[in-house]
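Colleague: Pasting the sequence and the predicted coordinates here, then a few questions.
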Amino acid sequence: MNKNAPSRSEEGRRLRHLALFVVTVLGALASLPRVLCGWRADAVFEGDLAAQRALADGVVAQVQRRKAVHYYSTADARFDGQSAVAIDQMALMGLSQIVALHPELGAAYVPVMRTLAAHLADPRTLDYARRVYGHHGVDAMGPAEGHAYLGYINLGLGMLRAVDPNMPLVALHDQLSQRLADRLFASKTGLIETYPGETWPPDVAAVAGSVGLHAALSGRDRSAEIAAWSRRFAACAIGADGYLVQRVQSGSCRALDAPRGSGTAVAAYFLSFIDSALARRLHGALVSSGERTLFGFGAIREYARGYAGRGDLNAGPVVLGVSVGATGFALGAAGVARDRDLFRELYRTLDLFGAPSNLSGADTFVVGGTLGNALLLAMLTARPR
Amino acid sequence: MKPVLRAVLVCGSAWVVYALLLAHLSQQDPVFGFLVGRDWTMALRVLLLLVLRLFLVLCAPAWMLWRVVSFVEQRWLGRRP
């Protein structure tokens, strides 16, 4: 018998040691990170005053650093304009949701919101629209022109009006809402163009949300028109897995892009302002077909089953099939659907990869920059109307 | 006790570097720096921040816990490493 061979008891101890190692590491992975990254999720979900104020203060500090027309000045005029519109609009939405829940914060945030709304409605902010149409939709809209980018602007104005009924831009909000509603409800597909030759269903969801919000604020009953529009929109734009198709050919329902998680999630949030059943349907698709979880961390698949791609600026990076955009926007979909479980899982992932920071009492996600933090403010504070 | 102390020292150092980098990047806009300035050092700083965060959230707790469990096992269950 080999003297160097381990005895049975020694081998047993080694096996026990290995088993203890595996159990400890797996147990730690399954329990500790989810607590470290998720302990604030419930406070944010519930609309806790301190949590919401810290998020709002972080975004307010960032948007007030803007020194020119645009937040970002790249060589791409479309990106510069659209990112400025997205930052102003999402900051407005987030701040409005916070003030609606905590009216005592209105005195602090409404002046900032008025500045954001004025910038949002300034045609110079999205000069790209003037270049492609020959005029900006805030100034004029030709009979056959869609101008669906106005959905973002109009939704931002509506969210300010919801907490500041005497805002200076009431007349513009009425005018844009009427023009967009006329186009939306007259469309046979339920869709209108964003720019000439470009039709994006998520943009149309923003238009529809802005029209629904205006109807609610003005007390106008549009329920019959909205129900008919919802049927046309769903028949045309909802594809595989219940995901929303990202882009279609103008004037038809022919898909030019895949059904995508980022568009589905942001549309679920926007549509909650006009048709809560349709918003819930998209949220249901995200949960049943799109969600991926590991150790309590959740993320949303970007492409519907049977489709693949690398994503784009809307989706952000796509890693292992899940995207930053779909995951971030799904926080808003979970908020309006009051889906606490989904919210918690997505929040943990946001906390892990967003690198949260709290300097001077203001919360920001360092990786997100001004754009990411404005988007997250709207998504993290989303609630059903 | 040495392995436990080593784990505490490594994790503590990583936490200090992470906190300093976080404070530094909180004053910047990584999206702006990378998209507008094509600042690759910004991308590297963000990448380092994320690597440290993943280590501190995912690996460090498991490692510390294992060191403690291993120490207890050695002390009370009589295993000689």
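Modeller: Thanks, I have the structure now.
Colleague: which residues does the nearest residue to residue A:344 once chain neighbours are set aside contact?
Modeller: Excluding the flanking residues, the one nearest residue A:344 by CB to CB, 6 or more residues apart in numbering or on different chains is residue A:41, at 4.6 Å. Every C-beta, even on glycine, is put in place using the N, C-alpha and C of the backbone. By CB atoms under 8 Å, 6 or more residues apart in numbering or on different chains, the contact set of residue A:41 is A:343-344, A:347-348, A:351.
Colleague: Let me know the closest of these to chain B.
Modeller: Taking CB to the nearest CB as the measure, chain B sits nearest to residue A:351 out of the contacts of residue A:41, at 8.6 Å.
Colleague: how many other residues sit next to the closest one?
Modeller: Burial of residue A:351 is recorded as 22 neighbouring residues (other CB atoms under 10 Å in any protein chain shown).
Colleague: my read is it is in a helix, agree?
Modeller: Yes - Residue A:351 sits within a helix when classified using DSSP: H, G, I helix; E, B strand; the rest coil.
Colleague: Surely it is in contact with residue A:35?
Modeller: No - contact criterion CB atoms under 8 Å: residue A:351 and residue A:35 do not qualify, at 10.9 Å.
Colleague: Which members of the contacts of residue A:41 occur in helices, if any?
Modeller: Assigned to helices by DSSP state H, the following of these qualify: A:343-344, A:347-348, A:351.
Colleague: What subset of the residues you listed is buried?
Modeller: A:343-344, A:347-348, A:351 (16 or more other CB atoms under 10 Å in any protein chain shown).
Colleague: where does stretch A:19-33 sit relative to the chain's centre, distance-wise?
Modeller: Centroid separation between stretch A:19-33 and its chain, computed with CA atoms, centre = their mean, to the nearest Å, is 34 Å.
Colleague: pLDDT score assigned to the closest residue to chain B within chain A?
Modeller: Closest to chain B within chain A is residue A:369: 3.2 Å, counting by CB to the nearest CB. On the pLDDT scale, residue A:369 is placed at 91.
Colleague: Name the helix or strand for it, please.
Modeller: Assigned by DSSP states H and E, residue A:369 belongs to helix A:369-380.
Colleague: Can you name the residues in contact with that helix?
Modeller: Applying CB under 8 Å, 6+ apart, the external contacts of helix A:369-380 come out as A:44, A:55-56, A:58-59, A:62-63, A:65, A:71-72, A:83, A:86-88, A:90-91, A:93-95, A:97, A:269, A:328-329, A:331-332, A:335, A:347, A:350, A:354, A:364-365, A:368, B:29-32.
Colleague: So which of the residues you listed belong to helices?
Modeller: A:44, A:55-56, A:58-59, A:62-63, A:83, A:86-88, A:90-91, A:93-95, A:97, A:269, A:328-329, A:331-332, A:335, A:347, A:350, A:354, B:30-32.
Colleague: where's the closest residue in space to residue A:61 that isn't next to it in sequence relative to residue A:52, distance?
Modeller: Spatial nearest neighbour of residue A:61, chain neighbours left out: residue A:362 (5.8 Å); criterion: CB to CB, 6+ apart. Separation of residue A:362 from residue A:52 (CB to CB, to the nearest Å): 12 Å.
Colleague: More neighbours: which of these two?
Modeller: Neighbours of residue A:362 and residue A:52, each counted by other CB under 10 Å, are more numerous for residue A:52; the result is 25 against 19.
Colleague: Could I get the buried residue list for the one helix or strand residue A:210 maps to?
Modeller: For residue A:210, the element it lies in under DSSP H and E is helix A:201-218. Using 16+ other CB under 10 Å as the test for burial, helix A:201-218 gives A:201-215, A:217.
Colleague: Name all residues that make contact with the closest residue to chain A within chain B.
Modeller: In chain B, the residue that lies nearest chain A is residue B:31 (3.2 Å; CB to the nearest CB). Residues near residue B:31 by CB under 8 Å, 6+ apart: A:72, A:368-372.
Colleague: Now for those: which two are most distant?
Modeller: Pairwise distances across the contacts of residue B:31 (CB to CB) peak at 13.3 Å, for the pair A:72 and A:368.
Colleague: Those two: which has the busier surroundings?
Modeller: Legend: neighbour count by other CB under 10 Å for residue A:72 and residue A:368, higher for residue A:368 (26 against 22).
Colleague: Quick check, pLDDT for the residue nearest to residue A:344.
Modeller: Listed pLDDT for residue A:41 reads 97.
Colleague: Ok, residue A:68 next?
Modeller: On the pLDDT scale, residue A:68 is placed at 88.
Colleague: ok, now residue B:29?
Modeller: 83.
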